[in-house]
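Trainee: fold the stuff below for me.
(one chain, ligands or ions: 1)
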Amino acid sequence: MPEQPYEAGGDGEWPSPERGREPGDGSTGERLQKVLAQRGYGSRRVCEDLIAAGRVRVNGQPVRLGWRVEVDRDHVEVDGHVVSVRPGLVHYLLNKPAGVVTTAKDTHGRPTVVDLVPPEPRVFPVGRLDADTEGLLLLTNDGDLAHQLTHPSFGVEKEYLAQVARPLGTGALRRLREGVELDDGTTAPARASQPEPGLVRLTIHEGRNRQVRRMLEAVGHPVERLVRVRIGPVTDRRLAPGSWRLLTDDERRALEAATTTR
Ligand code: URA
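Mentor: Predicted coordinates:
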């Protein structure tokens, strides 16, 4: 298996999306085209065209040119993809080492993923990796994006490399691809390959608990080591275990775009 990293999941610790104040009515705040342009959707002119074409919704409603947004409480979407407009949002990509738990606070005093990123602003893991699983995990204070990434109706792909003790036969690979019967139901079709004997590359878009481990166990190949190497469009082979970096604007936009309804 390559030295490291490769990929992450949600965990019910998110604060309520309620922000305590009513959304704006379009007459106050910042001009929508300016906000979209700042978030990389093109020049202001291009963003005006997006709005005029009816491709932009605020709080679920299509809006017209001239609309203003309250960036701390309005919910903005372009072509159905959530746009992170609130100031102060951070998106970290962490390469989680084994032995670190994916929770904001561990009741047993074990090191947590939150201990590995800056303490301020407070962020939360997006989804969950088992304590023994390594690889890429997102942490953010962007509740909208986190919700989109973890909600079952948005199937963002996650790719894993799993080390098992013995090479898989074609039958086992086919079962992984077609769906494996687990105690909480049959898994959706997945991509599965074996780049080298005993190393499985598995791409899934469901986020069930311990899914990869259970799938491989069910086909007779318990996992010895598991590394997440990709979350949707985001990957990073150079990020060292225990290290983090900020997502680039392009990566954040690509992730937002990857949250398509299935
Ligand atoms: N599947 C697993 O089995 N474990 C993880 O940590 C992530 C996906």
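Trainee: need the residues of this structure near the ligand, please.
Mentor: Proximity of the chain to the ligand (C-beta under 6 Å from any ligand atom) is limited to residues 9, 129-130, 133, 210-213, 226. Placement of C-beta: from N, CA and C, glycine included.
Trainee: give me the three-state assignment for the residue nearest to Ser43 when sequence neighbours are not counted.
Mentor: For Ser43, the nearest residue in space outside its immediate sequence neighbours is Ala37; the separation is 6.1 Å by C-beta to C-beta, 6 or more residues apart in numbering. For Ala37, the assignment made with DSSP: H, G, I helix; E, B strand; the rest coil gives helix.
Trainee: redo the residues of the chain next to the ligand as CSV? Include neighbour count, pLDDT and secondary structure.
Mentor: Supplementary listing: those in CSV, determined by neighbours: other C-beta atoms under 10 Å; pLDDT from 0 to 100; DSSP: H, G, I helix; E, B strand; the rest coil:
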residue, neighbour count, pLDDT, secondary structure
Gly9, 24, 37, coil
Leu129, 27, 97, coil
Asp130, 17, 97, coil
Thr133, 26, 98, coil
Arg210, 15, 97, coil
Gln211, 20, 97, helix
Val212, 23, 98, helix
Arg213, 17, 98, helix
Leu226, 26, 98, strand
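Trainee: okay, now the unreliable bits of the chain?
Mentor: Low-confidence segments of the chain, defined by pLDDT under 70, are located at 1-21, 260-262.
Trainee: domains of it?
Mentor: Per automatic domain parsing, the domain ranges recorded for the chain read 1-18+87-262, 30-74.
Trainee: quick revisit: count of residues packed around the residue nearest to Ser43?
Mentor: Residue neighbour count, defined by other C-beta atoms under 10 Å, stands at 18 for Ala37.
Trainee: doesn't Leu137 make contact with Val117?
Mentor: No. Counting by C-beta atoms under 8 Å, no contact exists between Val117 and Leu137, whose distance comes to 9.8 Å.
Trainee: quick one, which of the two is more surrounded?
Mentor: The neighbour comparison of Val117 against Leu137 (other C-beta under 10 Å) goes to Leu137, with 27 against 19.
Trainee: the more buried one and Val46, how far apart?
Mentor: If you measure Leu137 against Val46 using C-beta to C-beta, to the nearest Å, the figure is 33 Å.
Trainee: over to Arg213?
Mentor: If you measure Arg213 against Val46 using C-beta to C-beta, the figure is 45 Å.
Trainee: list just the nearest of the residues of the chain next to the ligand to Arg245.
Mentor: Nearest to Arg245, judged by C-beta to C-beta, of the residues of the chain next to the ligand is Leu129 at 17.3 Å.
Trainee: which residues in the stretch 101-250 of the chain form strands?
Mentor: Along the stretch 101-250 of the chain, the segments classed as strands by DSSP state E, counting those that start in this stretch run 124-125, 134-140, 158-164, 181-182, 185-186, 191-196, 199-204, 223-231, 244-246.
Trainee: and the second one with strand 158-164, angle?
Mentor: Okay, so that is strand 134-140. Taking axes from the mean of the first three to the mean of the last three C-alpha atoms, to 10 degrees, one finds strand 134-140 and strand 158-164 inclined to each other by 150 degrees.
Trainee: and strand 134-140, what other elements does it pack with?
Mentor: Judged by 3 or more C-beta pairs under 8 Å, 6 or more residues apart in numbering; DSSP states H and E, strand 134-140 is in contact with strand 91-96, strand 124-125, helix 143-150, strand 223-231.
Trainee: equivalent analysis for the last one, please.
Mentor: Under the contact definition 3+ C-beta pairs under 8 Å, 6+ apart, strand 244-246 sits against strand 91-96.
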